[in-house]
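> after the sequence you'll find the predicted model.
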Amino acid sequence: MPMQTPQNQLQTTNLYIGVLYQKGILLSIVIISTLLKENILALVLCICGTFSPLWLFSYISFCLLSANPSSFDLQDQRKEMMKAMPFFYSPPPKSDKNKDTRSKASTSSESELDSVSLESSTDDSPHKGNMTSGNQGRDSEEFEVSPLEISGMKKKHKGLRKKLVNALFDMTGMKSREKPKFKEPQKEESQSITADQIRLLIQEQKFMEASQHLLVMERGANGGDSEGKTEEEKMDDWNEIEDLLGLLKQEVLTIVRCSISIAQSQPELLRNAVRAIVDQVKEDEKSVSEEKSLEKTVCSRPRKWKEDWRNSVQVSVNKRMEVPPFDGNAKLSTTANSFLHMGNTMKKDLITVVQNIKPHYPEHFQVCSTYAEFYYNCFSSQLETIAQFELGKKDTYLLLSWVQNFYPNQIKHNPDLGKELEGANLGSLLPPRQIKQLEATYLANEVDSLKRWLTQCLKVEALRWTEGMEPVKLHGYFHSELSIDVIQAIHGAQKRAEEITLELGKNISHLLMSEFSTFLQSYKKELDSFIKENKQQPYFEATIIANINNSLSFWTHAKESTTSAQDYIKTKIFTTLNEIQNIGFTVLLQGLFQQLEPLFKTFTQKKWISCDDVMDEIIATTSRYISTFRTLKDPLYQAVMEKIHLHLVREHITRLLKKKVSLRSPEQQITLSDLVQKNAFTLQTFCILNESNATWLNAALPSLAEIIRLQDINAIMVEVGALAHKYPDISKKHLSSILYIKGNLSYSEQKSILNVLDIAEYATLPPALLFSAIKVS
């Protein structure tokens, strides 16, 4: 028997009730109530006979409407109830006492019925998110809702009710209206969603949900859903699917191309788009697997979602690497602005990929490597094009810095990127041949730039010497900016090269030191020219001192900057610096030595006994000059004091050797010896107080005084041996002049003493020669 409609069910029910009412079989009412899915409490009330015909009518109508709330609207319910009213108002005759009571009860029942019907209709309305079409959707909803769920009663009596219903329908020959069970209602709903609804999902950017519905629709078109359809209908279905998939891919890939921009601000949108791509890629891979295993071509698959995703990533990378319009006010050239923009964009975007985009993708997509390779390819190709042109100095430096330093250190080994780029195929931005050419160009540019800068600095400094102005003092020393400018220029060039690569820093070091050596030669020539032409300048000595101080800074820089492999250049530089210092010292000491010369001549012009106060005058004159020398830096001041110390000792010995006075008595010799000892002590004390480090000179005058004082030949020979050991440059002529003073020595004794020099053991040569500079006849 076919399934009855709700209207037929109502008519059948009325017929049953009429028959049963006439026969007065109360148990049938219970069975009918069970058939109509009444609740257990109502069944008990029916059995007890408390229902009036109107109550029974209301209750049965309620059950009919509850059984299928979606079949009638509120007006239809009321009409059906009115149709059934005459039947229920034909009860067996009863006493009039109960009429009023039945009337009141009926009115109350009708009011309650309206309320329950509205609540039932509201509770059973379809969920907003379930989109279905056709009768199938309505049947599903009808099967899913039961009166038990509406009444809120427990299902513990379900077994008894089912038995009663089955028994009644077995007696009447009717089929049971027991609803079938569906295990996958969600699947049926997704299959039945319309194309317009999917299109709306795409427009609302619900890509993952739209993708899942499309996959179900596509599988249905490939499977049993297409049975019974004409070829034209099948073609229409496929066209609809193709259009929707094309729309989905277009919108999703648009999001992919904007991934870098929206990764932080709209992560949910990006995640939704990525999940749709992942689903479609899985379907493509599944179709490929089925083709291989079943040797069967899957219609319309694969759709190359993975390839299109990679192409979209590449398009987005190329777009982001495009250089914005050049700002003419910028300090950088157009070329430098180009690769600086690309390098910074690559670095920042890859960090965004690792931190904000990678988490949305499965591992097998290798999203970090994909982005990195596209950025690398774009950056590398652009730099190769740029490197073919003739670049300026700054552009060459910046290009090499990105290729050799920033790219490998700040991108490939960036701590924020971690190990994410290890799987990427990232090589050098430029081939080795182009890098070598750029490095050679860079080195030539740096050396040429340094040469021009040093020449300009020296020119400015030489002009300042002639302006007649006192040099500035820094920490109490005369100071010149030349050394600072020169050293900073050399150090800057060295550091820039080392920042590119350490190897390039080694290559430029030799070139820079060679250029520095050339500069010092030019510096020495300029200083010589100034000394010859400007001795009358009011601050002549101060200018010389400032330049001597420069030499100390240059010396320190050369010592720290050169390596053992550059010994030849280092020696050349130090030789030039020594010459500059000596030139300066000679100029500074020239005036002092000229004033001391007449004082030392006093030793030869007067008798020794009258020269007691000459050394005091010499010390006083020297002291006045030393105050000027204090503006030399410490090592240089000590050096000039050593020269003064050497000059004083040497001049005293010279006057002693050249006097040509022979003293025959031992008393006269002792007196002269005491005077020399006194002068030696005075001179030594003065030089030590003024920080002279020439301690090797301290023994010269006392040793000569001892030779003059001694009378024993053997003792004299021992002292001569000690003197020759400390000062190996002493000659027999020098010793003969000393022995001449001792007029009481015989020729044979003098000869024996002189022969000591032939057998004396000489020590290491002192820092400077003492006797060899003294000429004796």
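Done, it's in. Numbering: from 1, shown residues only.

> output the below-cut-off pLDDT ranges for the protein.
1-192, 223-229, 290-301, 326-330, 565, 609, 760-766 (pLDDT under 70).

> now Gln711. Nearest residue, chain neighbours left out?
Nearest residue to Gln711, sequence neighbours excluded (Cβ to Cβ, 6 or more residues apart in numbering): Pro666, at 5.5 Å. No exception for glycine: its C-beta is placed from N, CA and C like everyone else's.

> just give me the neighbour total for that neighbour.
Pro666 has 14 neighbouring residues, counting by other Cβ atoms under 10 Å.

> ok, it to Gln590 distance?
42 Å (Cβ to Cβ, to the nearest Å).

> from the contact counts, what lies against the helix ranked longest in the chain?
Determined from DSSP state H, the single longest helix within the chain is helix 567-605. Helix 567-605 is packed against helix 502-533, helix 540-561, helix 614-629, helix 634-658, with contacts defined by 3 or more Cβ pairs under 8 Å, 6 or more residues apart in numbering; DSSP states H and E.

> the third one vs helix 634-658, what angle?
Looking back up the chat, that one is helix 614-629. If you take axes from the mean of the first three to the mean of the last three Cα atoms, to 10 degrees, helix 614-629 sits at 160 degrees to helix 634-658.

> how about helix 614-629 as CSV, C-alpha atoms only?
As requested, the backbone C-alpha atoms of helix 614-629 are provided in CSV (Å, rounded to 0.1, in the frame of the first residue of the first chain):
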residue,chain,number,x,y,z
VAL,A,614,130.9,75.4,33.0
MET,A,615,128.7,72.3,33.3
ASP,A,616,126.1,74.2,35.4
GLU,A,617,125.7,76.7,32.6
ILE,A,618,125.3,74.0,30.1
ILE,A,619,122.6,72.4,32.2
ALA,A,620,120.8,75.7,32.7
THR,A,621,120.7,76.4,29.0
THR,A,622,119.5,73.0,28.2
SER,A,623,116.7,73.3,30.7
ARG,A,624,115.2,76.3,29.0
TYR,A,625,114.8,74.4,25.8
ILE,A,626,113.3,71.3,27.4
SER,A,627,110.1,73.2,28.3
THR,A,628,109.3,73.5,24.6
PHE,A,629,110.0,69.8,24.1
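
> buried residues in that helix?
Buried residues in helix 614-629, counting neighbours by 16 or more other Cβ atoms under 10 Å, are found at Val614, Met615, Ile618, Ile619, Thr622, Tyr625, Ile626, Phe629.

> residues making contact with that helix?
541, 545, 588, 591-592, 595-596, 599-600, 602-603, 637, 640-641, 644, 648, 652, 678-679, 682-683, 686, 690 (Cβ atoms under 8 Å, 6 or more residues apart in numbering).

> run the last query once more with 6 Å
Contacts to helix 614-629, defined as Cβ atoms under 6 Å, 6 or more residues apart in numbering, come from residues Leu592, Gln595, Leu596, Leu599, Thr602, Tyr637, Val640, Asn679, Thr682, Phe686, Asn690.

> out of these, which is nearest to Ser514?
Set against Ser514, the nearest of the contacts of helix 614-629 by Cβ to Cβ is Val640 (30.7 Å).

> quick one: contacts for the closest one?
Contacts for Val640 (Cβ under 6 Å, 6+ apart) come out as Phe585, Phe629.

> swap the cut-off to 10 Å and go again
Val640 sits next to 545, 548, 581, 584-585, 588-589, 592, 625-626, 629, 632, 690, 692 when contact means Cβ atoms under 10 Å, 6 or more residues apart in numbering.

> which of the buried residues of helix 614-629 sits closest to Lys459?
Looking across those and measuring by Cβ to Cβ, the closest to Lys459 is Phe629, at 29.0 Å.

> ok, back up a step: output the helices and strands packed on helix 567-605 as JSON lines; include the columns distance to Glu251.
Shown next, in JSON lines, are these (distance: least, Cβ to Cβ, whole Å):
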{"stretch": "helix 502-533", "distance to Glu251": "50"}
{"stretch": "helix 540-561", "distance to Glu251": "63"}
{"stretch": "helix 614-629", "distance to Glu251": "87"}
{"stretch": "helix 634-658", "distance to Glu251": "78"}
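
> surely the residue nearest to Gln711 touches Arg709?
Yes: with contact defined as Cβ atoms under 10 Å, Pro666 and Arg709 form a contacting pair (8.4 Å).

> spit out the residues that contact these two alike.
Shared contacts of Pro666 and Arg709 (Cβ under 10 Å, 6+ apart): Ser673, Lys742.

> now the strands for the chain?
Per DSSP state E, the chain carries strands over the ranges 473-474, 477-478.

> just put those strands in TSV and tack on distance to Arg320.
Converted to TSV, the strands of the chain look like this (distance: least, Cβ to Cβ, whole Å):
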stretch	distance to Arg320
strand 473-474	52
strand 477-478	57
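
> most tightly packed of those?
Highest mean neighbour count among the strands of the chain (mean count of other Cβ atoms under 10 Å): strand 477-478, with a mean of 22.

> against which helices or strands is that one packed?
helix 540-561, helix 634-658 (3 or more Cβ pairs under 10 Å, 6 or more residues apart in numbering; DSSP states H and E).

> and the contacts of it?
Strand 477-478 has contacts (Cβ under 10 Å, 6+ apart) with 470-472, 539, 541-550, 552, 628, 630-634, 636-637.

> neighbouring strands of that strand in the sheet, and parallel or not?
Applying DSSP bridges, strand 477-478 is found paired with strand 473-474 (antiparallel).

> got the domain boundaries for the chain?
Domain ranges of the chain: 6-185, 193-316, 321-430, 436-585, 606-759, per automatic domain parsing.

> residues of stretch 740-747 that come out buried?
For stretch 740-747, by 16+ other Cβ under 10 Å, it's Tyr740, Ile741, Lys742, Leu745.

> of the residues you listed, closest to Leu672?
Using Cβ to Cβ, Ile741 comes nearest to Leu672 of the buried residues of stretch 740-747, at 7.0 Å.

> what's that closest one in contact with, if anything?
Ile741 makes contacts with 608, 656-657, 659-663, 668-669, 672-673, 704, 707-708, as judged by Cβ under 10 Å, 6+ apart.

> tell me the buried residues within those residues.
Members of the contacts of Ile741 classed as buried by 16+ other Cβ under 10 Å are Trp608, Leu656, Leu657, Lys659, Leu663, Gln668, Gln669, Leu672, Ser673, Leu704, Ile707, Ile708.

> now tabulate the residues you listed in CSV and tack on distance to Ser316.
CSV is the format used below for the buried ones among the contacts of Ile741 (distance: Cβ to Cβ, whole Å):
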residue, distance to Ser316
Trp608, 102
Leu656, 95
Leu657, 95
Lys659, 100
Leu663, 107
Gln668, 109
Gln669, 106
Leu672, 102
Ser673, 100
Leu704, 94
Ile707, 98
Ile708, 100
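
> from those, which land in helices?
Applying DSSP H to those, the entries found in helices are Leu656, Leu657, Gln668, Gln669, Leu672, Ser673, Leu704, Ile707, Ile708.

> quick check, Lys659 in contact with Trp608.
Yes: Lys659 lies in contact with Trp608 (Cβ under 10 Å); the separation is 7.8 Å.

> mutual contacts of these two, please.
Leu672, Ile741.

> quick one: which of the helices and strands packed on strand 477-478 is nearest Arg199?
Counting by Cβ to Cβ, Arg199 lies closest to helix 540-561 out of the helices and strands packed on strand 477-478; the figure is 73.6 Å.

> contacts only, for the closest residue to Asp284 other than its chain neighbours.
The shortest distance from Asp284 to any residue other than its chain neighbours is 3.6 Å, reached at Pro302 (Cβ to Cβ, 6+ apart). Listed by Cβ under 10 Å, 6+ apart, the contact partners of Pro302 are Gln280, Val281, Glu283, Asp284, Glu285, Lys286, Ser287, Val288, Glu291.

> right, I'll call it a day here.
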